[in-house]
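> Okay, predicted coordinates and the sequence, questions at the end:
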Amino acid sequence: MRCLTLAHVLQQTGCRCVFVCRNLPGNMISGIEQQGFQVLPLQTCEPAHSQYANSAHTGWLECDPALDAEMTASVMSTLPKPDWLVVDHYALDHTWETRLRPHCNKLLVIDDLADRRHNADILLDQNYYNNMDKRYDGLMPDTCTLLLGPRYALLRDEFLQQASNIRTRRHIRTILVFFGGVDATDETSKAIRAINSLQHTLTTHVIIGASNPHRPHIEQRCQTRPNIYCHYHVSNIADYMVEADIAIGGGGTTTWERCFLGLPAITITLAQNQLAVNQAVSQQGASVLVGDTSATEMAIAQQLDYLIRHPDAVECMSLAARSIMHPHTGAAGIASLMNPRHA
């Protein structure tokens, strides 16, 4: 999704953007094509041990990294040599990137783990960490430009267009529940049960992601309670965030969407790579982290009840969320570095 955001902005500056994706179950190839971009598909291959398989997330590639590099170079050779290759995958590191160097003019890496070396001209890490400026020490070439922090967050236009509607929250009347596209552990239902346990009159909007396997169960649960509205795979989530007074959800890119709009949040860490960001944002006062997927509905209910009864705390969270972001957040600045003729 963040690559699509960047691609749309680059396209507006006159660039042609092509995606390379492996044809794995659950891939987004058709969705990318529907947004008007060409996709060069990589065929599935047997995972194999390799001297280059040195990343903790190599298994996520579902292919030997050396073979993956060869296959990527092969499909790229069907096009003119690109000005930029953008790499966004936790299983890929400097060895893979070095192999692809001859097939592109420059290379941009998107990362947020800071757990491996890279060979890049630009590194983008849009997340907020307590030691943000030091995380990539020793991992990048001296010539690499580091773009670190939420000021570089790849937010879609729908959020940037809501800049004039940003407000400071205080009283909680409307809740947004959204746990991303999958929500494998059904945190959505947990949040609904927590809201229903409170003796407050609240309006709740529940958004179900496109790949959520619990959709029928969630929709049925919403139908049994008043003032709970269920929405599936919406394309205007920014509208719901603007309307909401607080959100209950996970981490990832949604964190910066919420913060940009000044929306406080009660959060649950859905994956290990979200933990450091969720902790840092919580310590900054923009959210309340109740734990990982083992967190109980009672823990959510207690935090929500406290915030409903303490509007000053909600106001502080909303202001803290905005303070994390930059007023000119977006992909335009990154696109101008990649395509300076249109800066």
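Looks like it arrived, so ask away. Numbering: from 1, shown residues only.

> can you give me the helices for the stretch 1-150 of the chain?
Ranges of helices in the stretch 1-150 of the chain, per DSSP state H, counting those that start in this stretch, are 2-12, 29-34, 65-76, 94-100.

> Out of the ones you listed, the one nearest Asn236 is which?
If you check each of the helices of the stretch 1-150 of the chain against Asn236 by CB to CB, helix 2-12 wins as the nearest, at 15.4 Å. (Each C-beta comes from the backbone N, C-alpha and C, glycine too.)

> list the buried ones in that closest one?
Within helix 2-12, the residues that count as buried by 16 or more other CB atoms under 10 Å are Arg2, Cys3, Leu4, Thr5, Leu6, Ala7, His8, Val9, Leu10.

> quick check, nearest of those residues to Gln302?
For these, the minimum distance to Gln302 (CB to CB) is 33.4 Å, reached by Arg2.

> Return the distance of the closest residue to the closest one other than its chain neighbours relative to Met1.
Leaving aside its sequence neighbours, Arg2 sits nearest to Leu154 (CB to CB, 6 or more residues apart in numbering; 4.2 Å). Distance from Leu154 to Met1, counting by CB to CB, to the nearest Å: 8 Å.

> could you pull out the strands for the stretch 101-250 of the chain?
For the stretch 101-250 of the chain, strands defined by DSSP state E, counting those that start in this stretch occupy the ranges 106-110, 122-125, 145-148, 174-178, 203-208, 228-232, 246-249.

> Buried deepest among those strands, which one?
strand 246-249 (a mean of 26; mean count of other CB atoms under 10 Å).

> Okay, now the sheet partners of that strand, with direction.
Using DSSP bridges, strand 246-249 pairs in its sheet with strand 174-178 (parallel), strand 265-269 (parallel).

> Name the surrounding residues that touch that strand.
Identification of contacts with strand 246-249 by CB atoms under 8 Å, 6 or more residues apart in numbering yields 169, 172, 175-180, 191, 194-195, 241, 258, 263-268, 300, 304, 307, 314.

> Stretch 326-335 now?
With CB under 8 Å, 6+ apart, stretch 326-335 has contacts from 5-6, 8-10, 12-13, 15, 122, 124, 147, 149-155, 160, 256, 260, 342.

> how long is that stretch end to end?
One end of stretch 326-335 sits 17 Å from the other (CA to CA, to the nearest Å).

> How about stretch 280-287?
Span of stretch 280-287 from end to end, CA to CA: 9 Å.

> Please export the C-alpha coordinates of stretch 18-31 as PDB.
Taking Å, rounded to 0.1, in the frame of the first residue of the first chain, the C-alpha atoms of stretch 18-31 are listed here in PDB:
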ATOM      1  CA  VAL A  18       6.000  -0.700 -12.800                       C
ATOM      2  CA  PHE A  19       5.600  -3.200  -9.900                       C
ATOM      3  CA  VAL A  20       7.400  -6.500  -9.500                       C
ATOM      4  CA  CYS A  21       5.400  -9.000  -7.300                       C
ATOM      5  CA  ARG A  22       5.600 -12.700  -6.700                       C
ATOM      6  CA  ASN A  23       2.400 -14.600  -7.600                       C
ATOM      7  CA  LEU A  24       1.700 -16.000  -4.100                       C
ATOM      8  CA  PRO A  25      -1.700 -16.700  -2.500                       C
ATOM      9  CA  GLY A  26      -3.200 -13.500  -1.300                       C
ATOM     10  CA  ASN A  27      -1.100 -11.300  -3.600                       C
ATOM     11  CA  MET A  28      -2.300  -7.800  -4.600                       C
ATOM     12  CA  ILE A  29      -1.400  -8.100  -8.300                       C
ATOM     13  CA  SER A  30      -5.000  -7.500  -9.600                       C
ATOM     14  CA  GLY A  31      -5.500  -4.600  -7.200                       C
END
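
> Same question for that stretch: list its buried residues.
For stretch 18-31, the neighbour count (16+ other CB under 10 Å) marks Phe19, Val20, Arg22, Met28 as buried.

> same question, stretch 286-297
Ala286, Ser287, Val288, Leu289, Val290, Asp292, Thr293, Ala295, Glu297.

> Now go through the residues you listed and say which are in helices.
Glu297 (DSSP state H).

> want to throw the buried residues of stretch 286-297 into a markdown table with distance to Arg99 and pLDDT?
Listed next are these as a markdown table, based on distance: CB to CB, whole Å; pLDDT from 0 to 100:
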| residue | distance to Arg99 | pLDDT |
| --- | --- | --- |
| Ala286 | 40 | 97 |
| Ser287 | 40 | 98 |
| Val288 | 44 | 98 |
| Leu289 | 39 | 98 |
| Val290 | 43 | 98 |
| Asp292 | 36 | 97 |
| Thr293 | 37 | 97 |
| Ala295 | 42 | 97 |
| Glu297 | 48 | 97 |
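
> closest to Asp133 among the buried residues of stretch 286-297?
For the buried residues of stretch 286-297, the nearest to Asp133 is Ala286 (19.4 Å; CB to CB).

> Let me know whether the closest one touches Cys259 as I believe.
Yes. With contact defined as CB atoms under 8 Å, Ala286 counts as touching Cys259 (5.8 Å).

> Overlap in contacts, these two.
Ala321, Ile324.

> Can you get me a residue count around the nearest residue in space to Gln274 that is not next to it in sequence?
Distance criterion CB to CB, 6+ apart; nearest residue to Gln274, sequence neighbours excluded, is Gly251 at 3.3 Å. When counting by other CB atoms under 10 Å, one arrives at 26 neighbours for Gly251.
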